[in-house]
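*Asks:* Sequence first, then the predicted structure:
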Amino acid sequence: MSDTTQSRSLQISPKYTVAFWRGLELDPDNPKQEDWVKAVDVLRDRIHGRFITPAQTLIDVDKANKPQTFGFAILALDCLVLETIQGFKEGVPNHTGHSTRLFKAFLSNWQPFLDCLNAGMVAATKAGEFYKQGRCALHHSGATDKMTVGISGPMMRFNSGEITVNRTLFHTELVAEFDRYLEALTDPASVDLRKKFLLKMNPICGL
């Protein structure tokens with residue numbers, strides 16, 4: 001991105017611009033905490049504005065529908081959030097060729113997901129199944145033949161090749177995980193996490 005007036009005024013979130021980000025002093029090794037708190041709010045505003053708030057809006061609106069029909073749209077948005085969080089955690093600016101690994105890495109280390117696995121189930125294997133039937137099927141073809149999305153039961157259930165997802169619980173747990181990540185970024189001791197955060201965020205702002 002060239003450093004022009006137009007590029008600096010580009011909105012990177014509903015509240016913040018490229019110019020605002022470039023004005024922050026973000027040195028993980030010599031942190032200016034006030035600016036880091038602002039940087040974390042930029043990410044919060046970006047992810048909520050693009051994905052989390054739209055998904056929550058669909059959940060709220062869907063409560064009036066009988067039957068409730070927005071489950072796959074909600075899950076598709078949340079799959080984007082899931083992969084994005086892991087990309088920030090690892091400092092991966094471009095997800096091309098990394099999506100499968102990022103998705104599986106997030107799920108395999110996410111306690112709410114692990115709590116849904118029965119004895120003998122391998123986390124990485126089930127994460128791969130969810131990636132294929134959820135993220136890929138929904139994003140590439142807009143349909144899935146081995147996944148049911150509803151509003152009851154546990155967050156996720158694996159049974160005989162079929163996957164059942166409680167989209168409301170999934171969304172709630174995912175937002176909680178994002179909040180935990182933001183809280184960790186706010187901690188000055190999270191030097192490595194902050195460095196990886198910058199590796200992904202700076203290119204978005206042309207740095």
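*Replies:* All right, it came through fine. Numbering: from 1, shown residues only.

*Asks:* Flag the shaky bits of this protein, pLDDT-wise.
*Replies:* Along the chain, the parts satisfying pLDDT under 70 run over 1-6.

*Asks:* Now name the helix or strand holding the residue positioned nearest the centre of it.
*Replies:* The residue lying closest to the centre of the chain (Cα atoms, centre = their mean) is Val81, at 2.1 Å. Per DSSP states H and E, Val81 falls inside helix 71-90.

*Asks:* Tell me the gap between that helix and the middle of its chain.
*Replies:* Helix 71-90 sits 4 Å away from the centroid of its parent chain (Cα atoms, centre = their mean, to the nearest Å).

*Asks:* pull the CA atoms of stretch 138-154 into CSV?
*Replies:* C-alpha atoms of stretch 138-154 as CSV (Å, rounded to 0.1, in the frame of the first residue of the first chain):
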residue,chain,number,x,y,z
LEU,A,138,-19.5,-23.6,3.5
HIS,A,139,-16.9,-21.1,2.0
HIS,A,140,-16.3,-23.0,-1.2
SER,A,141,-19.8,-24.4,-2.1
GLY,A,142,-22.2,-22.9,0.4
ALA,A,143,-23.4,-26.3,1.5
THR,A,144,-22.3,-29.3,3.5
ASP,A,145,-23.6,-32.9,3.5
LYS,A,146,-22.2,-34.1,6.8
MET,A,147,-22.9,-31.3,9.1
THR,A,148,-26.0,-30.2,11.0
VAL,A,149,-26.2,-26.8,12.5
GLY,A,150,-28.7,-26.1,15.3
ILE,A,151,-29.4,-24.3,18.6
SER,A,152,-29.4,-27.2,21.1
GLY,A,153,-27.1,-29.8,22.6
PRO,A,154,-23.4,-29.5,23.2
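
*Asks:* got the buried residues for that stretch?
*Replies:* Leu138, Thr144, Met147, Val149 (16 or more other Cβ atoms under 10 Å). Heads up, the C-betas are built off the backbone N, CA and C, glycines and all.

*Asks:* With stretch 16-36 instead?
*Replies:* Residues of stretch 16-36 classed as buried: Tyr16, Thr17, Val18, Phe20, Trp21, Leu26, Pro28, Pro31, Trp36 (neighbour count, 16+ other Cβ under 10 Å).

*Asks:* Columns secondary structure and distance to Phe158 on top of those, output as TSV?
*Replies:* Formatted as TSV, the buried residues of stretch 16-36 follow (DSSP: H, G, I helix; E, B strand; the rest coil; distance: Cβ to Cβ, whole Å):
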residue	secondary structure	distance to Phe158
Tyr16	coil	40
Thr17	strand	44
Val18	helix	43
Phe20	helix	44
Trp21	helix	41
Leu26	coil	41
Pro28	coil	39
Pro31	coil	42
Trp36	helix	39
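
*Asks:* and of these, the nearest to Thr164?
*Replies:* Tyr16 (38.1 Å; Cβ to Cβ).

*Asks:* The closest one against Val42, yeah?
*Replies:* Yes: with contact defined as Cβ atoms under 8 Å, Tyr16 and Val42 form a contacting pair (4.9 Å).
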